[in-house]
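Trainee: next input, structure requested:
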Amino acid sequence: MKLKRLMNVLLICVLVLPVSAMAREGARNWEIVNRLRLEYDDNIRQQERDTTSSFKIIEEIQFHVNFNLENTFVGLRYRPSFVWWENRSEDSTDLFHNLDFILNHEFTPRLSLSIKDTFRYAEQPELIERGDVVRQDSDFIFNTLSGALSYKMFPQTSLEASGRYDLLRYDDDAVAERQDFDLYAAGLTLGHQIMPETRVAGEIRFETIDYDSDEFRRDADTYQAGGSVEHTFNPGLLGNLRAGMQYKDFDADDISSDTSPFVSGSLTYLPSPSTRMTLGAGFTHFEADVFPYANQERSRAFASISHDLTARVTLNVAGTYTYAKYREDEVPAEARERLDIVEGDGTEEIIQLSTRISYQINRKNWLEAGWQYVDLDSDVRNDYDRNRFHVGWRTRL
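Mentor: Numbers count the residues shown, from 1 in each chain. Okay, here's the model as predicted:
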């Protein structure tokens, strides 16, 4: 069954769920939010030259349903969106689906379980989770299912076992053959509250990625060991740091295993009730979203600020800088020999900027305007820059 047919069935089924829940549980457990935007996009195909611009109309509706039981919380959010393009010859419409499910259950005061599932279906994909840019012109399904079982051994000490399964499936057979993958991850974390404002933890993790392609072996296993610290310096300043070592073992015999450090951290500053600032950075080895590389070394820095200019006007500004390195010796030998698309090592820089201002008309209605910018400078794929400007109306039904 093709993805579009599958998603039409899902659309009908999931739309029924919030309506049924509303009828049973009443207004306190559900919410519907509609968002209508007019957008101008100056590079809809993400090309370096001969760019095409287009206006877009984006209609998006969100259904939220929450169930609060004695020891259990269940949350469901479904967000379909429809996009009409004024100037796109190949197809003037897109339909996107976003579905999130959360389950938290407390078996005893010491033992608890949390499960989260995130499902995305997109036509002509642009971004998927964790900031990885996807540029293939093909519909795709992306799903990540994660869970954690936490046991409080002592009042200040807890042990958590976690797992995650990621799935990526493209509709186009040629793209799917090279890019489809399954990722499995598991880990153990031992945390201890050494002071009321400080928590430390030690962790071990294992991750394996399995690409569908039998022709070009890009599969790998990754082992991590490290620790983290979370500290509240004062009520207006919070920080966290995670660091350790990772060992990556590639399935292809001609790609050498690699040992490297990983580190990430962030600071959140709250100078006043109306202002929130976040800064962060990190370095790690990561699965490569550029075929036929099997790995990328990625450094990333980000910053954001949210400020209430008045009681009704809020301004949000965010920026991300990503630097990635791809190595020729981390390309399977069969790909280097048979494909004329690898020209040595390569690097790329991605700058992403965004700003949004919103005005609350009344309790249920907001007006907003925003700008998003992406600049890609790459040795391993096409360079481009892209601006998107939008105005919109958001209402709580």
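Trainee: helices of the stretch 51-200 of the chain, residue ranges please.
Mentor: Using DSSP state H, counting those that start in this stretch, the helices of the stretch 51-200 of the chain run over residues 173-179.
Trainee: ok, I351 - contacts?
Mentor: Taking Cβ atoms under 8 Å, 6 or more residues apart in numbering as the criterion, I351 is in contact with G319, T320, Y321, Y373, V374, D375. For glycine as for every other residue, the C-beta is placed from the backbone atoms N, C-alpha and C.
Trainee: beta-bridge partners for the last one, please?
Mentor: As for beta bridges, D375 partners with I351, D385 under DSSP bridges.
Trainee: run a quick neighbour tally on it.
Mentor: Using other Cβ atoms under 10 Å as the criterion, D375 is surrounded by 15 other residues.
Trainee: what does the fourth one give?
Mentor: Applying other Cβ under 10 Å, we find 16 residues neighbouring Y373.
Trainee: and it, how far from L315?
Mentor: Computed as Cβ to Cβ, to the nearest Å, the Y373 to L315 distance reads 16 Å.
Trainee: surely G226 touches A201?
Mentor: No. G226 lies out of contact with A201 (Cβ atoms under 8 Å); the separation is 9.3 Å.
Trainee: so which residues of the stretch 201-350 of the chain form strands?
Mentor: For the stretch 201-350 of the chain, strands defined by DSSP state E, counting those that start in this stretch occupy the ranges 220-234, 237-250, 258-272, 275-286, 296-308, 313-326, 346-362.
Trainee: turn those into CSV, columns for distance to Y78 and mean pLDDT.
Mentor: Below are those laid out as CSV (distance: least, Cβ to Cβ, whole Å; pLDDT from 0 to 100):
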stretch, distance to Y78, mean pLDDT
strand 220-234, 32, 96
strand 237-250, 31, 96
strand 258-272, 30, 95
strand 275-286, 28, 95
strand 296-308, 26, 96
strand 313-326, 24, 96
strand 346-362, 23, 95
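Trainee: got TSV for the ones you listed, with distance to I194 too?
Mentor: Below are the strands of the stretch 201-350 of the chain laid out as TSV (distance: least, Cβ to Cβ, whole Å):
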stretch	distance to I194
strand 220-234	9
strand 237-250	14
strand 258-272	18
strand 275-286	23
strand 296-308	28
strand 313-326	32
strand 346-362	37
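Trainee: nearest to S81, out of those strands?
Mentor: strand 346-362 (16.8 Å; Cβ to Cβ).
Trainee: quick check: angle from the closest one to strand 296-308?
Mentor: Relative orientation of strand 346-362 and strand 296-308, computed by axes from the mean of the first three to the mean of the last three Cα atoms, to 10 degrees: 20 degrees.
Trainee: with only the CA atoms kept, save strand 346-362 in CSV.
Mentor: Provided in CSV are the C-alpha atoms of strand 346-362 (Å, rounded to 0.1, in the frame of the first residue of the first chain):
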residue,chain,number,x,y,z
GLY,A,346,33.7,17.0,2.8
THR,A,347,32.3,19.5,5.2
GLU,A,348,29.1,21.5,5.4
GLU,A,349,27.8,24.4,7.4
ILE,A,350,24.1,25.0,8.1
ILE,A,351,22.8,28.3,9.5
GLN,A,352,19.2,28.4,10.6
LEU,A,353,17.6,31.6,11.9
SER,A,354,14.0,32.3,12.8
THR,A,355,11.9,35.0,14.5
ARG,A,356,8.2,35.2,15.3
ILE,A,357,6.1,37.9,16.9
SER,A,358,2.5,37.2,18.1
TYR,A,359,-0.3,39.4,19.3
GLN,A,360,-3.0,38.1,21.5
ILE,A,361,-6.3,39.7,20.5
ASN,A,362,-8.3,38.0,23.2
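Trainee: which positions in it come out as buried?
Mentor: Buried residues in strand 346-362, counting neighbours by 16 or more other Cβ atoms under 10 Å, are found at G346, E348, I350, Q352, S354, R356, S358, Q360.
Trainee: cool, stretch 106-117 as well?
Mentor: Judged by neighbour count using 16+ other Cβ under 10 Å, the buried positions of stretch 106-117 are S112, S114, I115, K116, D117.
Trainee: make CSV out of the residues you listed and add pLDDT and distance to L95.
Mentor: Output for the buried residues of stretch 106-117, formatted as CSV (pLDDT from 0 to 100; distance: Cβ to Cβ, whole Å):
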residue, pLDDT, distance to L95
S112, 97, 37
S114, 97, 31
I115, 97, 27
K116, 97, 24
D117, 97, 20
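Trainee: now intersect the residues you listed with the strands, please.
Mentor: S112, S114, I115, K116, D117 (DSSP state E).
Trainee: check contacts around the third one.
Mentor: Right, I115. So I115 contacts F101, I102, L103, N104, L145, S146, G147 (Cβ under 8 Å, 6+ apart).
Trainee: quick one: distance of stretch 302-316 to the chain centre.
Mentor: 22 Å (Cα atoms, centre = their mean, to the nearest Å).
Trainee: once you drop chain neighbours, what's closest to D139?
Mentor: D171 (4.0 Å; Cβ to Cβ, 6 or more residues apart in numbering).
Trainee: M195 - how many residues pack around it?
Mentor: M195 has 10 neighbouring residues, counting by other Cβ under 10 Å.
Trainee: what's across from it in the sheet?
Mentor: Here M195, judged by DSSP bridges, has bridge partners T198.
Trainee: and if you look at H105?
Mentor: In beta-bridge terms (that is, DSSP bridges), H105 pairs with T72, L113.
Trainee: from R388, how far out is it?
Mentor: 40 Å.
Trainee: between these two, which one's more packed in?
Mentor: Set H105 next to R388 and count neighbours by other Cβ under 10 Å: R388 wins out with 17 against 14.
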